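> structure for the following, please:
(4 chains)
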There are 2 protein chains.
Amino acid sequence: MLARVSSTPTFKRLPRAVREQQMLDAAVKVFSRRGFHAASMDEIAEDAGISKPMVYAYLGTKEELFVACLHREGTRMMEAIAGAAASDLPADERLWRGLRAFFGFVGAHRDGWAVLYRQARGEQPFAGELATMRGRLVEVVAGMLDNALRAEGHEVGPTDLEVVAYALVGATESLADWLADHPEADPEKTATRMMNVAWLGAAQLLHGVTWRPPAG
Amino acid sequence: MLARVSSTPTFKRLPRAVREQQMLDAAVKVFSRRGFHAASMDEIAEDAGISKPMVYAYLGTKEELFVACLHREGTRMMEAIAGAAASDLPADERLWRGLRAFFGFVGAHRDGWAVLYRQARGEQPFAGELATMRGRLVEVVAGMLDNALRAEGHEVGPTDLEVVAYALVGATESLADWLADHPEADPEKTATRMMNVAWLGAAQLLHGVTWRPPAG
DNA sequence: GCGTAACCTTACGCACGAGTAGGTATGCTC
DNA sequence: GAGCATACCTACTCGTGCGTAAGGTTACGC
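Alright, predicted model coming up:
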């Protein structure tokens, strides 16, 4: 009972590259909705409009598939940020543009990206993958701070620098979570709020000082 | 072939309350090491020096067991923080004491608590549980800020307040992760760094202003 | 027009681990 | 010292879902 009697087969035959993107789209969607473990390869395959063995043939095991998702989304995000924050600007300007790009990205990929990011934290195999990406971000932020500090004639130990950058990145991720959970919220406004916290600090805020985005 | 021939049984018989704590200890350890899914009930039972059905009899299913862990550890942490930050102090003093208590707690429970906290983020069933706890923290921080602001004669919308508090909590959790990953790091010093970020902000830091813990 | 390679399918094997059935020992109460 | 409740065990069932074997079908080069 193996053979089908050639009813209406004519499934669209598509080149590998196209199918792979469809699969990744489906995978991101299902992973983010269900979580890594609750997501089934069958559902991903079905959602991609393809059968399971194709997924295995093209993207490999479930773990490899997840890593592929992580890579694609991560790269997209990094490019969005890097493209926005050119390095020959003053630090506050760079930070602001980077934040705006980041929250814009998250806002545009709410269900997909943010939740997928949340997934990767807990699961042992992917924590490292994610840590690497986060590490790159931390490095960038730390470098930015270091530049600005030197320009002001100050010096800070590398660990201090790293930790501060880490905290800033953590706060930003946290607000991204918040944004993903509040569909009515505005990414731009969220970026502004983050800028207030990061750049002025609570003490400044307490004295009524408020940072505003530059016109344009 | 069901019966054992009564060789040297004499397993210590212990009251329920004691066993439950042993089981929770083991569960926290295994969950944090392996992650929720990779952890097996068999390993937890073995680590607790008991057999699996006992775990089911006392603490219920795997999910219920995990929630029980979450509750115990969460309660302990909340108590540690609440005990340290009395409410009739100036805001900066309260914040500092709270942070110190928090990082002290994380430092003392590195492998156990921090990683367990990381687990709960991703998994659908527990995200809510954790969100509630985090919500309580955010509320406290927001209330603190609000108080201080009113004292200075300023007013801020509730959403702004919530978001700032959220960012602060996120930054703190992020540094807790960092602390958990750096066994050589000092919790006290980490708390100080967090205080710098939260209270002074990057802008202040750039002008060489540094917050220091009060003597004593 | 025909082979061959890439595309795509159905239908299954199989391990792993949550949860349970059913039985044994031990201490407490009267 | 009989009865009863509680502590505790070994040894299973069984669903779930990853990953695969084996075979069908379409496009494309020559």
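
> what residues sit buried inside the longest helix along chain A?
Assignment by DSSP state H gives helix A:124-151 as the longest helix of chain A. Within helix A:124-151, the residues that qualify as buried are A:126-127, A:129-130, A:133-134, A:137-138, A:140-142, A:144-146, A:148-149, counting by 16 or more other Cβ atoms under 10 Å in any protein chain shown. C-beta here means a position set from N, CA and C on the backbone, and glycine is covered the same way.

> could you give the angle of the helix or strand just after that helix to helix A:124-151?
Following helix A:124-151 in sequence order, the next helix or strand is helix A:158-181 (DSSP states H and E). Angular relation of helix A:158-181 and helix A:124-151 on a 0 to 180 degree scale: 120 degrees, by axes from the mean of the first three to the mean of the last three Cα atoms, to 10 degrees.

> so, in contact with chain B or not, helix A:158-181?
Yes. For a cut-off given as Cβ under 8 Å from any Cβ of the partner chain, helix A:158-181 has contacts with chain B, namely A:160, A:163-164, A:166-175, A:177-178.

> and the contacts of the helix or strand just after that helix?
Under the assignment DSSP H and E, the closest C-terminal helix or strand after helix A:158-181 is helix A:187-195. Residues lying outside helix A:187-195 but in contact with it, judged by Cβ atoms under 8 Å, 6 or more residues apart in numbering or on different chains, are A:95-96, A:99-100, A:102-104, A:106-108, A:171-172, A:175, A:178-179, A:211-213, B:160, B:163-164, B:167.

> select only the buried ones of the residues you listed in ChimeraX?
Buried residues among these (16+ other Cβ under 10 Å), as a ChimeraX selection:
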select /A:95,96,99,100,102,103,104,106,107,171,172,175,178,179,211 /B:160,163,164,167
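
> you'd agree A:Asp111 is up against A:Arg34?
No. With contacts defined as Cβ atoms under 8 Å, A:Asp111 does not count as touching A:Arg34, sitting 11.7 Å away.

> hang on, the earlier thing: so which of the buried residues of helix A:124-151 reach chain B?
Near chain B, judged by Cβ under 8 Å from any Cβ, the entries from the buried residues of helix A:124-151 are A:Ala127, A:Leu145, A:Ala148, A:Leu149.

> let me know the closest of the residues you listed to A:Pro90.
If you rank these by distance to A:Pro90 using Cβ to Cβ, A:Ala148 comes first, at 7.8 Å.

> excluding residues flanking it in the chain, which one is nearest that closest one?
Nearest in space to A:Ala148, with sequence neighbours left out and distances taken as Cβ to Cβ, 6 or more residues apart in numbering or on different chains, is A:Ala91 at 3.8 Å.

> what's the burial count for that neighbour?
Applying the criterion other Cβ atoms under 10 Å in any protein chain shown, we find 20 residues in the vicinity of A:Ala91.

> I figured it hits A:Asp146, correct?
No. The pair A:Ala91 and A:Asp146 does not pass the contact test of Cβ under 8 Å, sitting 9.7 Å apart.

> give the other helices and strands that the helix or strand hosting A:Arg33 contacts.
Here A:Arg33, judged by DSSP H and E, is contained in helix A:16-34. Packing partners of helix A:16-34 (3 or more Cβ pairs under 8 Å, 6 or more residues apart in numbering or on different chains; DSSP states H and E): helix A:41-47, helix A:52-59, helix A:62-84, helix A:115-122.

> what inclination does it have with respect to helix A:115-122?
Angle, helix A:16-34 to helix A:115-122, by the same axes, to 10 degrees: 70 degrees.
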